[in-house]
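**Student:** Kindly generate the corresponding structure for this input.
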Amino acid sequence: MMSGHRQFAFLALLVCHAAMGPSVWAQPPAAAPSPAAAAEAPAGLTRLIEQARALLARREAEQARALLAPQVRWYAGAPEFDYLLGIASLDAGRPGEAILAFERVLAVEPGHLQARAEIARAYLAVNETEAARRQFEAVASSPIAPEVRAVIDGYLERIARAEDASKTKRTAFVEFGVGWDSNVSLGSLSSQWLLNTGITVTPEGISRPVNSAVARVGAGASALIPIGGGWELTAGGQVGARWFPSAHTLDLGSVDLSAGLNYSTDCHRLNMLAHYQHLRLGRQSFRDAAGTMLQWRCDVDARTQVGGHLQWFGFRFPEQHVRDARRTAAGATFARVLGTPPNKVLVATVYGGQEEPRQDVPQLRHRIRGARAALTFPLGQGWRASTALSWESRRFAGEEPLFGATRRDRQTDLRLAADKEISRRWWIQPELIYTRNASTLPPNDFKRIQALVTVRHAF
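**Tutor:** Take a look at the predicted model:
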């Protein structure tokens, strides 16, 4: 069975000319040329049409056009001749010529639905999407066969996607959340630390786990602006804050800004972004990060997507310049839609990189390796669940002088969450996050549990 625009042309020809049953298109007999023109013509119209049909049935559009085009001076205005010439021209890659031929058909027979559908296809080929949409809608509003309607609906959907892609897209949100955190301070699990001198010390205060209630707010906005040729400008920003009533010195605030370009072609999409982030701890500036990210992804088929990314970031700590560093990272992603009907999405990512301190501090230089897998699936009653498991290894280059040991972290995170639209543009999301960082240095060896409920409104 044929597909795409060739399937549409062949279906139209079958509907109009097949001898296997009554036509679904009501059409009067083709108008004959004037007696003078017929007498002057080197070929009979009936024979010409039979030959053109045979060539089109064999998908020999260029040959059919070569047969019909020289006869225009005699048969232009005969609807069946012009219709076949339009089909041949369109399938031979000459949409401009096809439009002229179909216009002649419609001038004589405005109710010729095949010609109206085909001229819509020709308009689409020359990027006249508005004219194409009007013609397809006119055909769709008429009584037509189901298989033809399916093809028409496919073209209308394609036009709708193209029109949507040409519009500026703006999004914005606000969110509010409350919850509980078992270890706001990332305090050590160990109650005794053995120093390099052989002295054992007992950590106190902020170095021990501090639990607290949590309140959070956030807001953000973004825009995608098409600029033609598959390119888009993108820009966005987000602000957020977390308050911990039991540890106000650990309150967090953040500002994130990004801008860049997106490019799409065929299955490929490329994102090139510049990013800036400012973090505040308590009421003091804690860290500034600025960098770039290059991300690529490709829809291999309707269910499968692959991708990759490259990142470069520079970190600056206003109160601890010894921690200033540069980070580079790269990774690959695989996503797959599962289930019948498709209602589950699996995403897996692997990545690696390194962080280099700006000063000669080997104990802060480290390599990063990690992997993450996430699955989302429906729960029923409008709920959708997600679960994610991630693991990251951080191997440091130098010995920590205070402990006489080289640091290595192995961090595991498990996140369970669900979300539901509770009213128009309002969503609720409960989530539970477990973190375990196993470290060779006692101050960095910790575990943490966070339970949060967030309500979000999208504009």
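**Student:** From here on, just use CA atoms for contacts and neighbour counts.
**Tutor:** Fine.
**Student:** I'd like to know how far the nearest residue to residue 443 once chain neighbours are set aside sits from residue 255.
**Tutor:** Take residue 443 and drop its neighbours on the chain: the residue closest to it by Cα to Cα, 6 or more residues apart in numbering is residue 188, 5.0 Å away. The gap separating residue 188 from residue 255 is 28 Å, by Cα to Cα, to the nearest Å.
**Student:** try residue 101
**Tutor:** 60 Å.
**Student:** Look at those two and report which has more neighbours.
**Tutor:** residue 101 (26 against 17; other Cα atoms under 10 Å).
**Student:** Verify the contact between the more buried one and residue 90 for me.
**Tutor:** No. In this structure, residue 101 is not within contact of residue 90 by Cα atoms under 8 Å, at 9.9 Å.
**Student:** Now do the contacts for residue 100.
**Tutor:** residue 86 (Cα atoms under 8 Å, 6 or more residues apart in numbering).
**Student:** would it count as being in a helix?
**Tutor:** Yes. Counting by DSSP: H, G, I helix; E, B strand; the rest coil, residue 100 is found in a helix.
**Student:** Would you mind measuring from it to residue 400?
**Tutor:** Taking Cα to Cα, one finds residue 100 at 80 Å from residue 400.
**Student:** Wait, residue 186 touches residue 446, no?
**Tutor:** Yes. Judged on Cα under 8 Å, residue 186 makes contact with residue 446 at a distance of 6.2 Å.
**Student:** Does residue 170 lie in a helix or a strand, and which?
**Tutor:** Under the criterion of DSSP states H and E, residue 170 resides in strand 169-181.
**Student:** pLDDT on that strand, on average?
**Tutor:** Average pLDDT, strand 169-181: 96.
**Student:** Look up the pLDDT of residue 68 for me, please.
**Tutor:** 91.
**Student:** which SS class is the residue lying closest to residue 206 once chain neighbours are set aside?
**Tutor:** Distances taken as Cα to Cα, 6+ apart put residue 185 closest to residue 206, at 6.1 Å, once the chain neighbours are dropped. Recorded secondary structure, residue 185: coil (three-state DSSP).
**Student:** Isn't residue 185 up against residue 249?
**Tutor:** No. In this structure, residue 185 is not within contact of residue 249 by Cα under 8 Å, at 9.7 Å.
**Student:** out of these two, which sits in the busier spot?
**Tutor:** residue 185 (20 against 15).
**Student:** Which pLDDT value belongs to that one?
**Tutor:** According to the model, residue 185 scores 94 on pLDDT.
**Student:** likewise residue 83?
**Tutor:** 93.
**Student:** Quick one: list the elements packing against the helix or strand hosting it.
**Tutor:** Assessed by DSSP H and E, residue 83 sits inside helix 79-91. Contacts defined by 3 or more Cα pairs under 8 Å, 6 or more residues apart in numbering; DSSP states H and E place helix 79-91 against helix 45-57, helix 61-68, helix 95-108, helix 113-125.
**Student:** Give me the neighbour count for the spatially closest residue to residue 322 that is not a sequence neighbour.
**Tutor:** Spatial nearest neighbour of residue 322, chain neighbours left out: residue 359 (6.4 Å); criterion: Cα to Cα, 6+ apart. Neighbour count of residue 359, defined by other Cα under 10 Å: 13.
**Student:** Which secondary structure elements does the helix ranked longest in the chain sit against?
**Tutor:** The residue-count maximum for a helix in the chain (DSSP state H) belongs to helix 146-165. Helix 146-165 sits against helix 4-17, helix 129-140, with contacts defined as 3+ Cα pairs under 8 Å, 6+ apart.
**Student:** chain center to it, what's the gap?
**Tutor:** 20 Å (Cα atoms, centre = their mean, to the nearest Å).
**Student:** pLDDT value on residue 416, please?
**Tutor:** 98.
**Student:** For it, which non-adjacent residue is closest in space?
**Tutor:** Using Cα to Cα, 6+ apart, the nearest residue to residue 416 is residue 387, at 4.7 Å.
**Student:** so who does the one you found touch?
**Tutor:** 374-376, 414-417.
**Student:** Now with 7 Å, please.
**Tutor:** 374-376, 415-417 (Cα atoms under 7 Å, 6 or more residues apart in numbering).
**Student:** Can you tell me which of these is closest to residue 83?
**Tutor:** residue 376 (50.7 Å; Cα to Cα).
**Student:** Look up how far residue 419 lies from the closest one.
**Tutor:** On the measure of Cα to Cα, residue 376 and residue 419 end up 10 Å apart.
**Student:** so what's in contact with those two at the same time?
**Tutor:** Common neighbours of residue 376 and residue 419 (Cα under 7 Å, 6+ apart) are residue 385.
**Student:** Mind listing what's buried along the helix or strand encompassing residue 270?
**Tutor:** Residue 270 belongs to strand 268-281 when assigned by DSSP H and E. By 16 or more other Cα atoms under 10 Å, the buried positions in strand 268-281 come out as 269-281.
**Student:** From the residues you listed, pick the one nearest residue 300.
**Tutor:** residue 269 (11.7 Å).
**Student:** the strands in the stretch 301-450 of the chain, which residues?
**Tutor:** 304-316, 325-338, 344-357, 366-380, 383-400, 405-423, 426-439, 446-458 (DSSP state E, counting those that start in this stretch).
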